[in-house]
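>>> Quick one, fold the following:
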Amino acid sequence: MTIWTIRLALLLFFLSILGWILQQHQKNATWKLARFLWTGATLVYVAHVLCAFHEVHDWSHSAAVEHTAEQSQKVTGIRFGQGIWFNHLFTALVAIETVWWWAFPIQYQSRSRWANFIIFGYLSFIAFNGAVIFAPPIVRWIAVVLIMILFASALFRFRKTAEAKINQ
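Modelled structure (predicted):
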């Protein structure tokens, strides 16, 4: 369950971000679907964290730190169990994003680009590490393709927005 919940969560996050990139405004059906997908992704991600602590770490934070250290040693050559705290921050930010999007949708959508860049930059960095750096090869390649789709969509949206501003 631990592996499949994270894979499903990442797929839902991907679909949500894709919808978020392509949306026009908050009343758009794509925007509402993106919010539902993000919420589903958040719930599945929390299920992943619970599964990991239950199935892998036997509800021991020190075991989670040790597991993180082992994984980072295997992939990077550096033991870094404190990386678990970056995962905890990811969990908190995802939860805050979800609540913010539902409780204050107008403020959520109208926040500054810098806030979006910082928040989504961090979330993307952590997701990238989990889906590409620390993933098995087949998952890694699927993740790379999905990331390329997100970049292409963002470039398309940016170009479309720039053209609309020029034509005004």
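
>>> same question for the longest helix seen in the chain, mean pLDDT?
The longest helix of the chain (DSSP state H) is helix 137-166. Averaged over helix 137-166, pLDDT sits at 88.

>>> for it, packing partners?
helix 2-22 (3 or more Cβ pairs under 8 Å, 6 or more residues apart in numbering; DSSP states H and E). Backbone N, C-alpha and C define where each C-beta goes, glycine included.

>>> next one: the helix it packs on to chain centre, how far?
Distance, stretch centre to chain centre, for helix 2-22: 7 Å (Cα atoms, centre = their mean, to the nearest Å).

>>> contact partners of the helix or strand following it?
Where DSSP states H and E defines the elements, the next helix or strand beyond helix 2-22 is helix 29-51. By Cβ atoms under 8 Å, 6 or more residues apart in numbering, the surrounding residues in contact with helix 29-51 are 1-2, 5-6, 8-13, 15-20, 22-26, 91, 94-95, 97-98, 101-102, 105, 109.

>>> If any of the residues you listed are buried, put those into a ChimeraX selection.
A single ChimeraX command selects the buried members of the contacts of helix 29-51 (16 or more other Cβ atoms under 10 Å):
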select :2,5,6,8,9,10,11,12,13,15,16,17,18,19,20,22,23,91,94,97,98,101
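
>>> Can you pull out the low-pLDDT segments for the chain?
Across the chain, the ranges flagged by pLDDT under 70 are 24-27.

>>> rerun that using 90 as the cut-off
Residue ranges of the chain with pLDDT under 90: 19-32, 106, 109-110, 113, 116-117, 153-168.

>>> I'd like to know how far His54 sits from Lys165.
51 Å (Cβ to Cβ, to the nearest Å).

>>> Could you pull up the contacting residues of the closest residue to Ala131 other than its chain neighbours?
Excluding its sequence neighbours, the residue lying closest to Ala131 (Cβ to Cβ, 6 or more residues apart in numbering) is Ala143, at 3.8 Å. Contacts here follow Cβ under 8 Å, 6+ apart; on that basis Ala143 touches 10, 128, 131-132, 135.
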